[in-house]
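In: okay, sequence plus prediction incoming.
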2 protein chains.
Amino acid sequence: MSLELYNFSQSTCSLKVRLQLAEKEITWTDKRLISSDNEHLSDWYLKLNPNGVVPTLLHNGKPIYESTAILEYLEDEFRQKKFRPTDPFLCSQLRAWLIFVDVWPAPAVRTPSFHFGGLLEKFKKMSQEKFEELKEKRPLKKEFYNSFDKNSGFSEKDIFTSFSIFERTFIRMEYLLKEFGGPWLMGKDYTIGDMAILPSIDRMEDLGLDDLWNKRFEGVKHWLEKAQTRPASKIAFYRGSRLSEQFPELNLGRGANSSVVEKYLKSK
Amino acid sequence: MSLELYNFSQSTCSLKVRLQLAEKEITWTDKRLISSDNEHLSDWYLKLNPNGVVPTLLHNGKPIYESTAILEYLEDEFRQKKFRPTDPFLCSQLRAWLIFVDVWPAPAVRTPSFHFGGLLEKFKKMSQEKFEELKEKRPLKKEFYNSFDKNSGFSEKDIFTSFSIFERTFIRMEYLLKEFGGPWLMGKDYTIGDMAILPSIDRMEDLGLDDLWNKRFEGVKHWLEKAQTRPASKIAFYRGSRLSEQFPELNLGRGANSSVVEKYLKSK
């Protein structure tokens, strides 16, 4: 059996799958790509993954892509330690949540990640021509790359829209925690539903934006602490997978961008 | 066994599920809501579906929501006539496609639907105050409602972005048709992957925007004709489920908005 994961150390979507692999205690080969070398946009990689993004799971040579589809696939194929409910109704509620994550917070986390997380530094040094060339090569991210200025980043409006989508996410999480009785989103068992959102909220905390939930969404706060301290989470978030570790020169980590959050909360 | 579907006649997401119910020949009760009465935003409905959108499937009293989660649920629970591959690899490819649909064309179809499809007529007659009140009540669509003017609709830029997302969708469909050998997206068997996208492309045709694919994506064109003429499709798309039938006073139907498409294609 061969199982290889093409991934970036710091990608939230890669982290979803690394969390699940660690939880299931599956042995896998780390095919870590270097995002600054754009290996994910090379012809050989686009043959494996037409989206040109990480992660891609290669199982016995067959490429599986889209992080949520990978989560489902690993549950289908590796049945030791289950992280998806067997009850069809609960499974449907999990899937409604997985879709919510793919449509709302998963894209929304990119805006603050790019703006505060050190990635603009890379683009500032790049010529506009080179930047345009890179944009064109991205099968799914052209609109996203068109929505910011490579030197100044995102508008305040766009950043606040991202915050507002995270608020909606927290409201939904509090709803699920109440609906199914906690301590996890789908009730007493930790599932791929928790793993799907953990990297995005961890990222928001790493960007110093944790005031978005700390004082207002108690359920989310406790859920996050509990999820981060699971042994498998410690393995998946190895040193270097957080932006504050990759860019120590930036002002990142808990509370670092509280003033932006404060401005947002006042503007509402 | 009781199976009720809360749906709108013309909603693309409702149509996905109606297609599947017809394909599987399942007996169900049609709980048709009237969108102009905003029944989907009433308190009793929000308890069933926290998104405040259609469809919701009530199976023996339990509410299942998110159209894609409903498609999976019906495959889990009603195993006569299968529309999901049993092979885990092919199933993972289907799921990657379902996610693609939820993230890209499913939201993108709303822009031309609102702009060309007669829904603005309703908003024009509404006071700004009433319109703002409605916006606030929509759990998932606030940004969308903020992105257009209730009197003039969407900007050309937004409409063209939607077209560009559909082009990306056609490219992906041609890729799948080639990858799995057709005639359906996942190969020889018709699946929920076909049902997931059929209502959105049918809608684009109904809005008169079919020149987006007619001459340039032959595979999509033939796939659409084949999908629309399935007996189950005829049942699901009953008279009144297309906008051109609901708003006969508007200029809709095949080719009706070719000039807009032409302008878009020239602008690329």
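Out: Ah, there it is.

In: where do the strands sit along the stretch 1-150 of chain A?
Out: Secondary structure of the stretch 1-150 of chain A (DSSP state E, counting those that start in this stretch): strands at A:3-7, A:29-32, A:56-59, A:62-65.

In: need the residues of chain A near chain B, please.
Out: Within chain A, the positions near chain B by C-beta under 8 Å from any C-beta of the partner chain are A:50, A:59, A:62, A:64-66, A:68-70, A:72-73, A:76-77, A:88-89, A:91-93, A:95-96, A:99-100, A:102-104, A:107, A:139-140, A:142-143, A:161, A:164-165, A:168, A:172, A:175. All C-beta spots, glycine's among them, are computed from the backbone N, C-alpha and C.

In: again, only this time at 6 Å
Out: Residues of chain A found near chain B (C-beta under 6 Å from any C-beta of the partner chain) are A:62, A:64-66, A:68-69, A:72-73, A:76-77, A:88-89, A:92, A:95-96, A:99, A:102-103.

In: can you pull the poorly scored residue ranges out of the stretch 51-200 of chain A?
Out: Along the stretch 51-200 of chain A, segments meeting pLDDT under 70 are nowhere present.

In: these two touch, right, A:I99 and B:V101?
Out: No - under the criterion of C-beta atoms under 6 Å, A:I99 is not in contact with B:V101, lying 10.3 Å apart.

In: pull out the buried residues from the helix or strand harbouring A:Y264.
Out: Assigned by DSSP states H and E, A:Y264 falls within helix A:258-267. For helix A:258-267, a neighbour-count test (16 or more other C-beta atoms under 10 Å in any protein chain shown) marks A:260-261, A:264 as buried.

In: with these in mind, which one is nearest to A:Q128?
Out: Closest approach between these and A:Q128, by C-beta to C-beta: A:V260, at 27.2 Å.

In: contacting residues around that closest one?
Out: Contacts for A:V260 were tallied using C-beta atoms under 6 Å, 6 or more residues apart in numbering or on different chains; there are none.

In: try it again at 10 Å.
Out: Applying C-beta atoms under 10 Å, 6 or more residues apart in numbering or on different chains to A:V260 gives the contacts A:112, A:115-116, A:156, A:159-160, A:163, A:207-209, A:211-212.

In: which one of the residues you listed is nearest B:T191?
Out: B:T191 lies nearest to A:P112 out of the contacts of A:V260, by C-beta to C-beta, at 36.9 Å.

In: isn't the closest one right up against A:R203?
Out: Yes - applying C-beta atoms under 10 Å, one finds A:P112 in contact with A:R203, separated by 8.0 Å.

In: find residues that contact each of these two.
Out: A:L209.

In: counting neighbours, what do you get for A:F180?
Out: A:F180 is flanked by 19 other residues according to other C-beta atoms under 10 Å in any protein chain shown.

In: ok, back up a step: filter the residues of chain A next to chain B to the buried ones?
Out: Members of these classed as buried by 16+ other C-beta under 10 Å are A:64-66, A:68-69, A:72-73, A:77, A:88-89, A:92, A:95-96, A:99, A:102-103.

In: on that earlier part again, which of the strands of the stretch 1-150 of chain A is buried the deepest?
Out: Burial of the strands of the stretch 1-150 of chain A is given as mean neighbour count (mean count of other C-beta atoms under 10 Å in any protein chain shown); strand A:56-59 ranks first at a mean of 23.

In: so which elements touch that one?
Out: strand A:3-7, helix A:12-23, strand A:29-32, helix A:43-48, strand A:62-65, helix A:67-77, helix B:88-103 (3 or more C-beta pairs under 10 Å, 6 or more residues apart in numbering or on different chains; DSSP states H and E).

In: and the fifth one, which strands flank it?
Out: Strand partners for strand A:62-65, identified by DSSP bridges, are recorded as strand A:56-59 (antiparallel).

In: just how off-centre is the strand it pairs with within its chain?
Out: Mean C-alpha position of strand A:56-59 versus that of the full chain (C-alpha atoms, centre = their mean, to the nearest Å) differs by 18 Å.

In: pull the residues that contact that strand.
Out: Under C-beta under 10 Å, 6+ apart, the answer for strand A:56-59 is A:1-7, A:14, A:17, A:21, A:28-29, A:31, A:33, A:40, A:45, A:48-49, A:63-67, A:69-71, A:73-74, A:77-78, B:88-89, B:92.

In: what do you get if the cut-off is 6 Å, keeping everything else the same?
Out: By C-beta under 6 Å, 6+ apart, strand A:56-59 touches A:3-6, A:48-49, A:63-65, A:70.

In: go ahead and produce CSV holding the CA coordinates of that strand.
Out: C-alpha atoms of strand A:56-59 as CSV (Å, rounded to 0.1, in the frame of the first residue of the first chain):
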residue,chain,number,x,y,z
THR,A,56,-3.5,15.7,-3.4
LEU,A,57,-3.5,12.2,-2.0
LEU,A,58,-1.9,9.6,-4.1
HIS,A,59,-3.2,6.2,-3.0
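
In: what's the distance between A:T68 and B:T86?
Out: 20 Å (C-beta to C-beta, to the nearest Å).

In: from the contacts of strand A:56-59, which two are the most distant?
Out: With C-beta to C-beta as the measure, no two of these lie farther apart than A:L3 and A:N49, at 15.9 Å.

In: wait, doesn't A:L46 sit right on A:V53?
Out: No - using C-beta under 6 Å, A:L46 makes no contact with A:V53, being 10.2 Å away.

In: so which of these two has more stuff around it?
Out: Taking other C-beta under 10 Å, A:L46 and A:V53 do not tie; A:V53 has more neighbours (22 against 14).

In: in contact with the more buried one, which residues?
Out: Per C-beta under 6 Å, 6+ apart, neighbours of A:V53: none.

In: any idea how far it is from chain B?
Out: Using C-beta to the nearest C-beta, to the nearest Å, A:V53 is found at 11 Å from chain B.

In: show the secondary-structure elements that the lengthiest helix in chain A is packed against.
Out: For chain A, the longest helix by residue count, based on DSSP state H, is helix A:156-179. Packed against helix A:156-179 by the contact rule (3 or more C-beta pairs under 6 Å, 6 or more residues apart in numbering or on different chains; DSSP states H and E) you find helix A:105-108, helix A:110-116, helix A:218-228.
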